[in-house]
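Asks: Sequence and predicted structure below; questions after.
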Amino acid sequence: MKINILVNGALYSSQASYSAWQYCLAACEAGHQISQVFFHQDAVAHGNMLSVVMSDEPDMVENWARFAEHYSVPLVICVSSAERRGVLNGALATEHAKTAANLHPSFSIAGLGTLTDASITSDRMVSFS
Amino acid sequence: MKINILVNGALYSSQASYSAWQYCLAACEAGHQISQVFFHQDAVAHGNMLSVVMSDEPDMVENWARFAEHYSVPLVICVSSAERRGVLNGALATEHAKTAANLHPSFSIAGLGTLTDASITSDRMVSFS
Amino acid sequence: MSTLHTLSASWHERVWVFEQLCFATSGDAILLIEDAVLAAHSPITLASFLAKCESRGVKVYVLQEDMQVRGVHNQYKQLKPVPYTGFVELTEKHQRHVAW
Amino acid sequence: MSTLHTLSASWHERVWVFEQLCFATSGDAILLIEDAVLAAHSPITLASFLAKCESRGVKVYVLQEDMQVRGVHNQYKQLKPVPYTGFVELTEKHQRHVAW
Amino acid sequence: MTAHKLLYLFTRGPYSCASGNEGLDAVLAGSTLEQDLSLLFIHDGVFQLLAGQDTADSELKQFTRTFRALEDFGVQRLYVHDQSMCSRGLTVEQLSVAVSELDSAGVASLIEQQYRVFTF
Amino acid sequence: MTAHKLLYLFTRGPYSCASGNEGLDAVLAGSTLEQDLSLLFIHDGVFQLLAGQDTADSELKQFTRTFRALEDFGVQRLYVHDQSMCSRGLTVEQLSVAVSELDSAGVASLIEQQYRVFTF
């Protein structure tokens, strides 16, 4: 079955990311397909490639990147939340005259319509906040 | 009197930044001196110069930068919280082999000892979470 | 169509959500995750919540991994521990998910 | 030395903090800010909290700007509205601050 | 594509966090896709609609005005949970927009009709 | 410089948010400056110390181990609020580290003795 995932919680200071990732692994092992993982609100921080992980802490950005590659799942960051929190790809950085971009290559940026769309066309939507 | 300020709440998704900024303006107008504003936990996002503000929303990073310049107040970002959340100056970016740095020029990065120190040497400490 | 409700906040932070989740309808399921599992540690906290859910035909589950990490021991026989694979099975069974 | 306690969470989210803040001691002050000001809108919510604080010699204030922004009308004469300058004066008067 | 029933839950007060503002973003995105949208205000979320919010002396954005403009986007179904209102001392007359009050059974049946539920 | 009394409040449960872990960072920073530190666990914060936390099957970091090692950093005063324990069905025997129990009056007097209080 096709499952759309919504994550709202912050990268480091919320368990939402970990819970969602564990759920996605279990769902894929059970033969389901994750149609996309949409990161909204504080969760857009997942797409910031500048985060540095302490050696004994889980590296959630890499965990998501590996998961996405292994199961071919798009990782999508909400554009309006991302702009507000300073997660920019090259095009957004240019548009807003910023001197750097910081989007992790495993993530893409899109509008909230993508979330609505995927939530409708998938068989299920599961949210983590 | 010398007041040390601690901010823990996220830049966009918490009122802590706004409350602390309003408090600091009122304190300085009343003749007090803010010894430093220390941004810990999710509040380190204040130092990310890539954030883009919608035209009708308050620009808290610029509000803090203007405040700091006007009253000569250091804005200090906690180094360990900043690394975890991807807010890096040039030196940290080099150290962690990242291709970009994103620290706003009005902020500096320091360890938690700076917070303890300033909280002891100031007459007051006021926290916003 | 039935609903899976997940509850992630601590009972002590969001007692209203626990109380109001008693409007879940027969056939629905409630899964406690993250800090919501803390309530399972006390033999008193959840007693009336679980009784109400049972009387309405609402099954209540608790995520095993989140209890294990926190050292929480489940005090309730009506509260069924499930691993993440059980969470996935609950989403197969219930077409709709509400995260409280 | 006395203490200024600020409370920023909603009564409905952190009712325990409100209850336990009654351990503030004579001469202390409590200031409600951010979502904690929401409780001032209902004539029932804060009644026993304010009575307990009064009986212990603890003054309770509420931040005017945060009420105004939210459209909250203060229902309590024991709850004194102060602007940010009043917040600053409270920190002058109380040497210690605890943010709950 | 047929219109699906989508429900947006507002569970928190305005201004102290971004969930109201970013929840509205999601509602507007849903409305452009011509879906059948409902909004339910529950717990502290009922404060999103309180009339008399005054940001004139503040730099905060009064994003809650957008709730009043939702009709222009074809979104007409706004509900509040009566027990959440009542335990906070609120009445529908104090709100800035016309809403329907639902009791807990009504909330349960509203949720039962939905295809997807988004929580903010 | 004389040692100042600094109190660190832990008010939230572990793992669901970063405040325990980053609060510990602050405690360790305070200890290197040779201040007089106390820790108080209150509300859900008492769960930080619950024994039997098992992250072996998880990628989560069991940062709460550091609370047991604080003695090595010269931090010896760990307190729990008895009412917070009791309303959560916890007893000191269930905790992973030796603590003193304080009633509400004891918490008030602990706070009264402090020079600074940090909340996590």
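Replies: Everything's here; your move.
Asks: residues in chain A within reach of chain F, list them.
Replies: Taking Cβ under 8 Å from any Cβ of the partner chain as the test, the list of chain A residues beside chain F reads A:12, A:13, A:14, A:15, A:18, A:56, A:57, A:58, A:63. C-betas here are computed from N, CA, C, even on glycine.
Asks: in what helix or strand does the first one lie?
Replies: When you say that, I think you mean residue A:12. Applying DSSP states H and E as the criterion places residue A:12 outside every helix and strand.
Asks: Tell me how far it lies from residue E:61.
Replies: Using Cβ to Cβ, to the nearest Å, one obtains 27 Å as the distance from residue A:12 to residue E:61.
Asks: More neighbours: which of the two?
Replies: Per other Cβ atoms under 10 Å in any protein chain shown, whichever of residue A:12 and residue E:61 has more neighbours is residue A:12, with 25 against 15.
Asks: ok, now how distant is the more buried one from chain E?
Replies: Using Cβ to the nearest Cβ, to the nearest Å, one gets 17 Å for the distance from residue A:12 to chain E.
Asks: can you pull the pLDDT of residue C:50?
Replies: Per-residue pLDDT puts residue C:50 at 96.
Asks: Need phi/psi at the closest residue in space to it that isn't next to it in sequence.
Replies: With Cβ to Cβ, 6 or more residues apart in numbering or on different chains as the measure, residue C:78 is the residue that lies nearest to residue C:50, at 4.7 Å, once sequence neighbours are left out. Per-residue torsions, residue C:78: phi -80, psi -10 (degrees, to the nearest 10).
Asks: and residue C:78, how many neighbours?
Replies: Under the criterion other Cβ under 10 Å, the count of neighbours that residue C:78 has is 13.
Asks: Equivalent analysis for residue E:76, please.
Replies: Quick note: residue E:76 (other Cβ under 10 Å) scores 11 neighbours.
Asks: With the one 3 residues further on instead?
Replies: Other residues within reach of residue E:79, judged by other Cβ under 10 Å, total 19.
Asks: Helix, strand, or coil at it?
Replies: State at residue E:79, reduced to three classes by DSSP: H, G, I helix; E, B strand; the rest coil: strand.
Asks: quick one: the nearest residue in space to it that is not next to it in sequence from chain D, how far?
Replies: With sequence-adjacent residues excluded and distances taken as Cβ to Cβ, 6+ apart, residue E:79 is closest to residue E:40, at 4.7 Å. Shown here: residue E:40 relative to chain D, a distance of 17 Å by Cβ to the nearest Cβ.
Asks: just residue E:110 next, same as before
Replies: 21 Å.
Asks: contacting residues for that residue?
Replies: E:7, E:38, E:40, E:79, E:102 (Cβ atoms under 8 Å, 6 or more residues apart in numbering or on different chains).
Asks: Name the residues of chain C found near chain B, please.
Replies: With Cβ under 8 Å from any Cβ as the criterion, chain C does not come near chain B at any residue.
Asks: What is the least confident helix or strand in chain C?
Replies: With mean pLDDT, DSSP states H and E as the measure, the helix or strand of chain C carrying the lowest mean pLDDT is helix C:15-20 (a mean of 84).
Asks: Any residue of that helix touching chain F?
Replies: No - contact between helix C:15-20 and chain F is absent, the nearest approach being 11.1 Å (criterion: Cβ under 8 Å from any Cβ).
Asks: close to chain A, is that helix?
Replies: No - contact of helix C:15-20 with chain A (Cβ under 8 Å from any Cβ) is absent, the minimum separation being 12.2 Å.
Asks: Which strands or helices does that helix pack on?
Replies: For helix C:15-20, the helices and strands in contact under the criterion 3 or more Cβ pairs under 8 Å, 6 or more residues apart in numbering or on different chains; DSSP states H and E are helix E:82-87.
Asks: And the contacts of the helix or strand just after the helix it packs on?
Replies: Sequence-wise, the next helix or strand beyond helix E:82-87 is strand E:100-102, with elements assigned using DSSP H and E. The set of residues external to strand E:100-102 that reach it, using Cβ under 8 Å, 6+ apart, is E:40, E:77, E:78, E:79, E:80, E:81, E:82, E:85, E:92, E:110.
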